[in-house]
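1. have a look; sequence and predicted model below, questions after that.
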Amino acid sequence: MADRRRRPGLDHRPTRAAGDVLVVPLVLGAVYALLRWAEPQMPPWLTRILLGSNTPPTYPPTE
């Protein structure tokens with residue numbers, strides 16, 4: 001009888017979507033911060049693979 005009260009086609013787990021939206025960016029941000037913290041100890045080739053270029057940008061002087 002409890003199954004008949006549910007409406008078909010509705011997602012009855014709305015917190016799962018909210019969890020994905022909140023957890024994924026937080027985890028990625030934490031991993032990125034950890035990699036940036038560890039960057040000085042990493043070899044240049046590993047920095048390039050994980051974070052991209054390991055040379056600081058250079059900009060032309062402004063006049």
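-> Now that the structure is in, tell me what you want to look at.
2. quick one: contacts of the helix or strand where Ile49 lies?
-> Assessed by DSSP states H and E, Ile49 sits inside helix 44-51. Residues from elsewhere that reach helix 44-51 (Cβ atoms under 8 Å, 6 or more residues apart in numbering): Leu35, Arg36, Glu39, Met42, Asn54. Placement of C-beta: from N, CA and C, glycine included.
3. tell me how far the fourth one lies from Val21.
-> Met42 is 31 Å from Val21, where distance means Cβ to Cβ, to the nearest Å.
4. who's more crowded, these two?
-> Taking other Cβ atoms under 10 Å, Met42 and Val21 do not tie; Met42 has more neighbours (15 against 9).
5. for the more buried one, which residues are in contact?
-> Leu50.
6. run through the helices of this structure in chain order.
-> With DSSP state H as the criterion, the chain has helices at 2-5, 14-38, 44-51.
7. from the contact counts, what lies against the longest one?
-> Think helix 14-38. When contacts are defined as 3 or more Cβ pairs under 8 Å, 6 or more residues apart in numbering; DSSP states H and E, helix 14-38 packs onto helix 44-51.
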